[in-house]
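1. Have a look at this fold, sequence not included:
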């Protein structure tokens, strides 16, 4: 550990788009190895928050400290290079290429080269290995299939593999579980658990609450860009404000 | 000399703004940079000339017809060519440039070159302002510029189509949800932009001759103003026009007219170094690309 | 579907069943497969090398012109493959042309020196000029590349630097027309194979990623702006070479070096031939320059001709001619009886 402070410290992060306050003074902390869930109704600012932390948006106010280092407003590739890797809600792979080719770009990054001791290694082979780790059956040659032929669940796993390829210290997963069947989801949980065991810190933005609550240490709730609750999974839904956010107020 | 510079600077700035308005507006609404803008400008000019000189149609009628015709062609261009490329920004850009080149070079090829290709001024004579003598047509241009600015403001704030334009320009997805037909709006915005190009041509071309080359200059100026002011921002167009307009006039007055283009180039380089997205450029965040 | 004597037939498209059709060479297991892959390339190279022997002086000049435009077209195609639309190949051409002309005129350096220096220098200058806009949306790249050549022409005209409207005359030409011919053709072949090779490497994959989904490349820790700049350098160096070469071939450099022709034809060649394939852009250049020679008598309409073809192709046949040829080579069609 580099310092004694929290692994990730987000303070008063805000972002305004024209008339809309997308993220409103959000603060939270993470320790290394934790799994933090971020939930909230649609439009509550979850993806905007991710974009702010990972450099895709510049915040209007606020700071992001990563292992003590101020990374606020750095370019996204620099933040990824430091070890914070995110996934995207909309997967857009190279549809016309074999699946494993989609892993090449992360494996081509300077970070991977650096962590591997200055050499890239056989990117194709590593790509196949990574895909196998996320459940692409090697014997059936699934990693070699043209990406357009793969079902959605495989594409989501591929997205996860792309972030693992970067040898991240922290991973931010944006609705990884969306569009997955129960079986596909069940197969992904062990992969995420394995990442936690290896010391990777994880933030998961999710709508699938039941599954999220099984792996998250803590859950944070956003509504209209503000943080309205932060608690252990068991207790977070007990808050009145959270219930109101999801279910609306009663009409008497 | 200084007073003359101030006045001519104003005129130059208004000319730049007039020429850029249509291009900027089309981009702001439909997201398409219409590189045929210069072509449409010259098309309007030659159309008036043909209607007035060959078909002997009264001048004002010819002017109105030309503006309508140019706007119509702008809309057609979108409907039949660009609409099929909707979303493929790269192809849209290429296609619009190609159409502009076709228009300009066709006129050149058809022999429309020469000193007889001029348009009559709206108001002749000159007006003394302080110690400077300014020709009335140039003042007319300033007047039209201001009238147009007011009209556009009223249009985009108080008419249904205008508000729709603003809606799409600000937030396309929400506008779509509200039932605004994005394709129809885009076609209209291109027609509108073409019409504005025609209006600019009508008042500015009488100052010189109509020549294909002028179309490229118009396009160049519009692009330069948009780079400095920020694409899609009407406020940016006005501010940038004044900056570049005055810089050009200042240079021409005190250093010599052959320096004016260098001034424009420097303005572009300076802006690219300091604030690449332009003075009022909404540098939309990277996420916009998705 | 067709019906013949009561039996229905349908068209079926079949791959020629040769594994080597894939872009990577997995396993060439027979001489037939190797020949299948090699044949088009060999025919192209041999054809280009032998053709000049059968051409008269006029034909040779046309071929040189074609080669130069092919270089500009492939340079354009490369930028397009990274997601950048250049509306001003003339910028690269003109910068290279003037560097060579000025170096030769003032320092008396031979073409064998001025051309390489102009190539590299042009690449550096253009990369630096275009660097600031690489962080902006694509339309800015289009606007700046469109504006710069137009501005440079006007500046040269107004300030009369670098020879002004007259230009710089009396420069040395290259050793002989054969030298010109084979130098330009060699460059075309070299650039063609270089780009096709490059696009299939992992580096090329990063470039395609920048075009298709640059956010994903960013989150993979890669500085896309640096890669874009590398692409601009390569493309502009090739354009600068073309310009420097022509300066010595014509023994003159002037404002026409920044002419619209040098910007429009490469785009038309790319669109007509097929973007992204390089061979397509080269093919497009060959077709357009040859056709324009045939239309030589009609003067200024050539650029209208390219532009019209461009618009037609981009709307109706966006994949371009080369993809069609490629499909024909890799697949064949036959009528198959419809099973009832």
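-> Yep, it's here. Keep in mind it's a predicted model, so treat the numbers as computed, not measured.

2. Now do the contacts for residue A:227.
-> Residue A:227 makes contact with A:26, A:27, A:28, A:220, A:221 under the criterion CB atoms under 8 Å, 6 or more residues apart in numbering or on different chains. C-beta coordinates here come from the backbone N, C-alpha and C atoms, glycine included.

3. Next up, the contacts around the last one.
-> Listed by CB under 8 Å, 6+ apart, the contact set of residue A:221 reads A:38, A:39, A:40, A:227, A:228, A:229, A:230, A:236, A:239, A:242, A:245.

4. How is residue B:203 assigned, secondary-structure-wise?
-> helix (DSSP: H, G, I helix; E, B strand; the rest coil).

5. if I pick it, what's in contact with it?
-> Counted by CB under 8 Å, 6+ apart, residue B:203 has contacts B:18, B:122, B:137, B:140, B:141, B:144.

6. Please repeat the previous calculation with a cut-off of 6 Å.
-> B:141, B:144 (CB atoms under 6 Å, 6 or more residues apart in numbering or on different chains).

7. mind checking pLDDT for it?
-> If you check residue B:203, the pLDDT there is 91.

8. Quick check: it vs chain C, distance?
-> Using CB to the nearest CB, to the nearest Å, residue B:203 is found at 23 Å from chain C.

9. Residue A:199 too?
-> In terms of CB to the nearest CB, residue A:199 sits 19 Å off from chain C.

10. just curious, which of the contacts of residue A:227 is nearest to residue B:195?
-> Distance to residue B:195, by CB to CB, is smallest for residue A:26 among the contacts of residue A:227, at 46.8 Å.

11. three-state assignment of the closest one?
-> Applying three-state DSSP: residue A:26 is strand.

12. Break down the stretch 151-290 of chain B into its helices, ranges please.
-> B:160-170, B:172-177, B:182-204, B:212-229, B:234-254, B:260-274 (DSSP state H, counting those that start in this stretch).

13. picking that back up, now for the contacts of residue A:227, which pair is the farthest apart?
-> Going by CB to CB, the pair spanning the contacts of residue A:227 furthest: A:27 and A:221, at 13.7 Å.

14. What residues does the stretch 151-290 of chain B have near chain C?
-> B:216, B:220, B:223, B:258, B:261, B:262, B:265, B:272, B:276, B:277 (CB under 6 Å from any CB of the partner chain).

15. Quick one, which of the contacts of residue A:227 are buried?
-> Of the members of the contacts of residue A:227, the ones counted as buried by neighbours, 16 or more other CB atoms under 10 Å in any protein chain shown, are A:26, A:28, A:220, A:221.

16. I'd like to know which elements the strand or helix carrying residue C:209 is packed against.
-> Using DSSP states H and E, residue C:209 sits in helix C:202-212. Applying 3 or more CB pairs under 6 Å, 6 or more residues apart in numbering or on different chains; DSSP states H and E, one finds that helix C:202-212 makes contact with helix A:104-107.

17. which residues touch the next helix or strand after the helix it packs on?
-> Next along the chain after helix A:104-107, taking DSSP H and E as the criterion, comes helix A:110-115. Counting by CB under 6 Å, 6+ apart, helix A:110-115 makes contact with A:81, A:120, A:167, C:221, all of which sit outside it.

18. ok, now stretch C:127-135?
-> Residues beyond stretch C:127-135 that count as contacts (CB under 6 Å, 6+ apart) turn out to be B:272, B:276, C:140, C:141, C:144, C:225, C:228, C:229, C:232, C:233.

19. correct me, but the last one touches residue C:123?
-> So the one you mean is residue C:233. Yes: proximity of residue C:233 to residue C:123 meets the contact threshold set by CB atoms under 6 Å, at 4.7 Å.

20. Which one's more surrounded, those two?
-> Neighbour totals were compared for residue C:233 and residue C:123, and residue C:123 leads with 23 against 19 (other CB atoms under 10 Å in any protein chain shown).

21. Quick check: pLDDT value at the more buried one.
-> Reported pLDDT for residue C:123: 97.

22. how about it, phi and psi?
-> phi -60, psi -50 (degrees, to the nearest 10).

23. Residue A:13 now?
-> Dihedral angles for residue A:13 - degrees, to the nearest 10 - are phi -70, psi 130.

24. for the one 3 residues further on, same thing?
-> Residue A:16 has phi and psi values of phi -120, psi 130 when expressed as degrees, to the nearest 10.

25. Could you pull up the residues touching the closest residue to it other than its chain neighbours?
-> Spatially, and ignoring its direct neighbours in sequence, residue A:16 is nearest to residue A:60 (5.5 Å; CB to CB, 6 or more residues apart in numbering or on different chains). Residue A:60 makes contacts with A:14, A:15, A:16, as judged by CB under 6 Å, 6+ apart.
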